[in-house]
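Novice: everything below, folded, please.
(2 chains)
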2 protein chains.
Amino acid sequence: MDNTISLIIQELHERYRSCDEGALADYIPELTKANPDWFGISVFTADGHAYEIGETKEEFTIQSISKAFTYGMILDEHGIGAVEKRIGVEPSGEAFNSISLDPETGRPLNPMINAGAIASTGMVSGKGFKNRFETIRKRFSKFAARDLGVDEEVYSSESSTGFRNRAIANLLRNFEMLDDPVDEAVEVYFKQCSILVNCHDLSVMAACLANGGINPLTKERVLDQGNVEKVLSVMSTCGMYDYSGEWIFTVGLPAKSGVGGGVMGVLPGQLGVAVFSPKLDAKGNSVRGVKVFAELSKKFNLHLFNLPVISEQVIRRTYKLSQAGSQNSRPQAHHDAIREHGDTVTIIELQGDVFFSALERVVRSSAEHAETTDIFVLDLNRAGMFDPATADLLTEVAGRLSEAGKRLLIVDHFQKLDRGSFSADLQVEFYDQIGFALKACEEEIIKKHAETSMVAGLIPFYEFDLFSELSPSEISDIEGMLGMAASEKGDRIITEGDDPDDIYFLSKGEISIYQQGTHEFGKGRLVTTFGPGACFGDIAALTGAKRSADVWADERVTCYTLPVKSFRELETSQPTLYIKLLRGILMLNVNRLRRRDREVAALNSG
Amino acid sequence: MDNTISLIIQELHERYRSCDEGALADYIPELTKANPDWFGISVFTADGHAYEIGETKEEFTIQSISKAFTYGMILDEHGIGAVEKRIGVEPSGEAFNSISLDPETGRPLNPMINAGAIASTGMVSGKGFKNRFETIRKRFSKFAARDLGVDEEVYSSESSTGFRNRAIANLLRNFEMLDDPVDEAVEVYFKQCSILVNCHDLSVMAACLANGGINPLTKERVLDQGNVEKVLSVMSTCGMYDYSGEWIFTVGLPAKSGVGGGVMGVLPGQLGVAVFSPKLDAKGNSVRGVKVFAELSKKFNLHLFNLPVISEQVIRRTYKLSQAGSQNSRPQAHHDAIREHGDTVTIIELQGDVFFSALERVVRSSAEHAETTDIFVLDLNRAGMFDPATADLLTEVAGRLSEAGKRLLIVDHFQKLDRGSFSADLQVEFYDQIGFALKACEEEIIKKHAETSMVAGLIPFYEFDLFSELSPSEISDIEGMLGMAASEKGDRIITEGDDPDDIYFLSKGEISIYQQGTHEFGKGRLVTTFGPGACFGDIAALTGAKRSADVWADERVTCYTLPVKSFRELETSQPTLYIKLLRGILMLNVNRLRRRDREVAALNSG
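Specialist: As a prediction, the model looks like this:
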């Protein structure tokens, strides 16, 4: 099946390949050698998927697009404080080769004009021309995820004709915006502009910026996350020469173009896009590049300021423990207590990426439920990225809850939050799975509201729900048939596929039921977890079918066991007792089903 | 419990209220009368929640902030084509009162400098000064969700000293960028700048822009959605005078300030923010305003280019029909067929807002499953906003699927998609609820792979799973006890709270079980839906407890009925038969429970 998105890009390519407007850059002879028909479109997603069409592997010189990356490099190396002393961030409203220095300080207005770019190159550290250039080439190669070469002819041509740029460099030196040796900085700048990339490379480089500074292919960090927003900011105000305002207006993506015919655009968090076509308009931007970006932006709705309104969906659901519990089967009396008092536990489940608006909803939702809630559970297992500023805010929320005497349980299997940033006195409890958090809440409620009688720490067998219909003499009949079994943590009590031997009555400890398991502890699909008072192994005993699941001891457990053989004999020897037990088993399963019905309803509606 | 976000804003207010830098605007005497201590912060969410501190109800003149709204108004009125002939969108790099006309055409560079703003005001239609001003005042009032007044003293002072603006207006007229009468346009402009707002108003006005042009309070559309991105684009490149580049660099929000001391910022899709404090810096922006915005942006991570990377979470889950079905109880043979063949149905469930990246994932995921899938179900009921461009793309995806011979079912209860945009030959099927879509898929599989014997369109009673253990003579015993009952759509077959009368065997049609219902058809919590071959009313009959739910006929249904009394008598008269029936009921419920177990696992893992 063809991929719709590929087809759309193909169609755009088809439509604009007939566009013949513009002219090749001709300020140096080498650029006029480009084939004016070359035309490539590459879209690269922040998670590493490519959509490409046309001449996306044809190499060309990176030219001014290099300015964005070198600027990022020096931000990484020197920090914003040192960089902003030498390079501003205001659009000049003038052409790329304008001198545009601040009349008072001599500071270049921004890093996207030549003056600012040469000042940037001047800040790249290294000893001598060769080292400094290699520092740049290697970093660019990390962005592109391949080793990039240089067009030596373009370089020597740039070098032999670049008097205006030398004039700029000397002016910069005059204002102390550039260190000695001046010539070296300009030469590095010329060679940086002569680095060879193709359209695919540019889309990958753009995707690194879309992906918060991490290369989606190599997973390597190529730019500090904090500097990504700075590079994109300058691209957005100054990236398309004196067409930048119009570009943001119509396309709405931070972008950078070069006279080699490349245009690179970034949709933060989502996409890197590159178009390559060497014929330029009067402002120095690729004609087809500008057209294709405008169409793509419209077709895929990429305009940054047309972000969809953040919907209610950041909170996947808010529910009470009374609606959906830990899937732990317990004696009916405990289930009743949990249903009755479960409204004091509020679970807020997040989805999607968690940034300010999402947390703001959490804050509001927790405030709404605060009065009736003793324990808040914040389930982050379905949340996406957690932005650091928002994570800090969450520690403050935890502080508020703690002051108000509420417990906060955070479910965070993937450790999206730094647990160390929650000070110990906040008493935030972390869990890997929602089930464990809910179990802790349930145990709190059971402790407060429902005690089962215990004999030496065990539930006596006559307390089991299954035996509730039985007369004293029937109880003593059953007692005669019962055995006892103890298992240690990690023991397999029942094995899938075995013939049934006993019906088990869990008197102490917890067990887990797994299906389609590999007979390895903790693997496979967890069906349910049972706690003291539960009965298991009842169905296979009844039908005579093979065991349908593995049952594991999660800790030290003690069970009463009723041999299947004894149970079956009751059908003829004591049909009245047998019927009572059958009804008991039926009601156990009906109650489980009803809890599941409620859970499915809560899961589907919440 | 205190709200953490309120506390953070309080703290910021506390920290910067001691900041005493800057000076009141003094180009007209009225502005120097402002209290330099006034200081308000208002944050207004796109869904209408306010966080405020300080002097947020103190009125001041809107001044240059008006330029953004008037520009939006004329875009709405004349369209971008007519507007761009008279007003550009390039930053000037110069101060607000610079004349900045294009040297060739005389066109003002952008609508945020006075020249562009006067040209904007000149395009507001209406007859005469009064009408044109009222058009503006009324529209601004719709943004603020209250009736805004004017500071007449400021207005007359602006008018009596505004010679530079009159010069600009006459230059505009000279270049035909302004129609006659020139004076009227300038006067309207002066009065527009004198409209009184408070900090709260500004945050609401900003939130209208954050909310895609719809006022979060009144829910009224106050600006065309397409023009919101245009207004925000110009704010981002030109909104903070010649500090705009630095602003985007450090704050990263489209914003607009005025010499009255207001600054308004927009986080698209999320927030409107306003700060009011009248002392200005040398560039004409509120000193505290600039500082508070920088801190807020950092603290709440609002920088537009620091968008979190779109995570995998756009697809909530992808599952097969074999894992979780329609919750429709059917004969076991049908359930078996659905389990066996259910992998040919792939359900993709989306969450969060659906823009390009989300759909791109859907396209990829559907391509991955295409080979083994006959039917795709796209569940949008948990998705947020659907952006129109992405909706268009989806129609193309539907076309691809249709060509490849796949069925596409879309679940879209809230009609986020325009069904009319899917042409009939695509054969896309729409459903309100996932259950109905899955039911259609199941029926397709049953039709292909499992037929139940029918007698005159009814399932004969001996085909029911419940009777599978019975001998021929037992079958005929049961037959003698059975009745028949027919119900019409909307009939209540069983009423919650009633004593049990019959056990029902659904031979034809469908019924729904509702709990906590109001005894109204279709209301309350849907527990499950049963189709032909199912048995219901069995549990209450067994326990003698009152009916626990309402059962409704969803269409014309026919049931066999077994009186509870007859069933109970079997316990003593025919214990062997009774035991078989009991085991049958038990297995029905165990099978339901197992399906529920699987469903819960799929819902929790997917």
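Novice: mind checking the longest helix of chain A?
Specialist: helix A:575-605 (DSSP state H).
Novice: the inter-axis angle of that one versus helix B:575-605?
Specialist: 20 degrees (axes from the mean of the first three to the mean of the last three C-alpha atoms, to 10 degrees).
Novice: list the buried residues of helix A:575-605.
Specialist: A:575, A:577-604 (16 or more other C-beta atoms under 10 Å in any protein chain shown). C-betas here are computed from N, CA, C, even on glycine.
Novice: of those, which are in range of chain B?
Specialist: A:575, A:578-579, A:582-583, A:585-587, A:589-590, A:592-593, A:596-597, A:599-601, A:603-604 (C-beta under 8 Å from any C-beta of the partner chain).
Novice: hang on, isn't A:F414 packed against A:N381?
Specialist: Yes - using C-beta atoms under 8 Å, A:F414 is in contact with A:N381, at 7.2 Å.
Novice: the more surrounded of those two?
Specialist: A count of neighbours by other C-beta atoms under 10 Å in any protein chain shown puts A:N381 above the other of A:F414 and A:N381, at 17 against 10.
Novice: isn't that one up against A:Q433?
Specialist: Yes - the criterion here is C-beta under 8 Å, and A:N381 meets it with A:Q433 at 7.4 Å.
Novice: give the residues shared as contacts by these two.
Specialist: Contact criterion C-beta atoms under 8 Å, 6 or more residues apart in numbering or on different chains; residues shared by A:N381 and A:Q433: A:V411, A:H413.
Novice: now tell me what touches the helix or strand where A:A440 lies from outside.
Specialist: In the assignment (DSSP states H and E), A:A440 maps to helix A:434-449. Contact partners of helix A:434-449, identified using C-beta under 8 Å, 6+ apart, comprise A:321, A:324-328, A:330, A:334, A:337-338, A:340-342, A:344-345, A:347, A:349, A:375, A:377, A:379, A:381, A:409, A:411, A:429, A:431, A:529.
Novice: swap in stretch A:366-377?
Specialist: Taking C-beta under 8 Å, 6+ apart as the rule, stretch A:366-377 contacts A:318, A:343-348, A:397, A:401, A:404, A:406-411, A:434, A:437-438, A:441, A:444, B:1, B:3.
Novice: how about that stretch: buried residues?
Specialist: A:S366, A:A367, A:H369, A:T373, A:D374, A:I375, A:F376, A:V377.
Novice: hey, where'd the helices end up in the stretch 251-400 of chain A?
Specialist: A:287-299, A:332-341, A:356-369, A:388-403 (DSSP state H, counting those that start in this stretch).
Novice: apart from its chain neighbours, what residue comes closest to the residue of the stretch 501-606 of chain A found nearest chain B?
Specialist: Closest residue of the stretch 501-606 of chain A to chain B, C-beta to the nearest C-beta: A:R596 (3.6 Å). Residue nearest to A:R596 in three dimensions, not counting chain neighbours: B:R596, with 3.6 Å by C-beta to C-beta, 6 or more residues apart in numbering or on different chains.
Novice: which residues touch the one you found?
Specialist: If you count contacts by C-beta under 8 Å, 6+ apart, B:R596 has them with A:L593, A:R596, A:D597, A:E599, A:V600.
Novice: how about 7 Å then?
Specialist: By C-beta atoms under 7 Å, 6 or more residues apart in numbering or on different chains, the residues touching B:R596 are A:L593, A:R596, A:D597, A:V600.
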